[in-house]
Every structure is written in structure tokens, then in C-alpha cells.
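Enquirer: no FASTA, just this:
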């Protein structure tokens, strides 16, 4: 039976959990996740976990921050004066906002702290710095990377 390898397009069902058991994402109530191994479409640790799996196989893996969303970086947090916000906006911890950058681009940030005079914004991915546990089931290898060698 074939094993998933670099370059294969695969379909998986998965459930991602934090250390306290909180489920942060799952495909169980929707279509399976389909991706090509090695294309960088998903976090590196998840890709590596699928390599070598056979269709129908399940496994549980723990993925450290370095192989997921990276460490939580303090330089990606910013405390701003509350008067920088529109008067009709009342920021609350956990709220996500879109912030325009000087170059015209936009960044999604999460409000992490609010005081009477300041608001702290965090541009880290919400799962940065977290150890993630995934239950993965390889459903199918949709297409295999052609590994034939052409001789001239």
C-alpha cells in the first residue's frame, strides 16, 4: 500500500487541540483538508506528520511552536493610546481588528489588554508559542508525485 510522500496531494481529517484539551480546529463537520505535501500550504509539523502515513491510518502528533506558528514574539505587540481609536469603537480583550500600515497594507491584530488610557495590540498568530496536538487520519492519496526517472 502506498505511503504519503513529498509532492503527493492528500486528503485528511484532523482535530487540533491545545494542552488543556480545547479544540481549536477540526475538519470533522466539514470536507476533509486537501493539500500537497511540500507546497507550504499548512504548518510544517503537520506536513511532516503525514509523510509515511498510509490511507486509513490515524495518528496523534504533538507539534512544537517552531514547527507550527512560531514563538510568540514580544516585538509584534504594541501599546497605543486609546485616543488613537475611533470614538465609537470600544476595544475589548480578544477582539480582532484590522490595522492599516504606513505602506497601505493591513494587518489583523488581537486586542490583548485594555486600560483607561491604552490598548495593547498583538499581531502574533493566535496559536504562536503554543504546543499543538493533532489527531490526523489520512483518508486518501489523491495524486502521487511521479518519481520516474527519464534516461536519455
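Expert: It's in. Note that the structure is a prediction, hence the values are computed from the model and not measured.
Enquirer: buried residues in the longest strand seen in the chain?
Expert: Once the chain is assigned using DSSP state E, the strand that runs over the most residues is strand 132-143. Neighbour-count burial for strand 132-143, with 16 or more other Cβ atoms under 10 Å as criterion, is recorded at 132-139, 141. Just so you know, the C-beta spots here come from the backbone N, C-alpha and C atoms, and that holds for glycine as well.
Enquirer: can you lay out the residues you listed as TSV showing distance to residue 98 and pLDDT?
Expert: Below are those laid out as TSV (distance: Cβ to Cβ, whole Å; pLDDT from 0 to 100):
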residue	distance to residue 98	pLDDT
132	25	98
133	30	98
134	29	98
135	33	98
136	32	98
137	35	98
138	36	98
139	35	98
141	38	96
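Enquirer: all helices of the chain, in order?
Expert: With helices called from DSSP state H, the chain shows them at 44-50.
Enquirer: ok, and the helix or strand in it with the lowest average confidence?
Expert: Lowest mean confidence among the helices and strands of the chain (mean pLDDT, DSSP states H and E): strand 96-100, at a mean of 89.
Enquirer: partner strands of it, with direction?
Expert: strand 106-114 (antiparallel) (DSSP bridges).
Enquirer: tell me which residues in the strand it pairs with are buried?
Expert: 109-112.
Enquirer: picking up where we left off before, return the closest of the buried residues of strand 132-143 with respect to residue 73.
Expert: Residue 73 lies nearest to residue 132 out of the buried residues of strand 132-143, by Cβ to Cβ, at 17.3 Å.
Enquirer: count the neighbours of the residue nearest to that closest one when sequence neighbours are not counted for me.
Expert: With Cβ to Cβ, 6 or more residues apart in numbering as the criterion, residue 132 has its nearest non-adjacent residue at 4.7 Å, and that residue is residue 63. Using other Cβ atoms under 10 Å, residue 63 is surrounded by 21 other residues.
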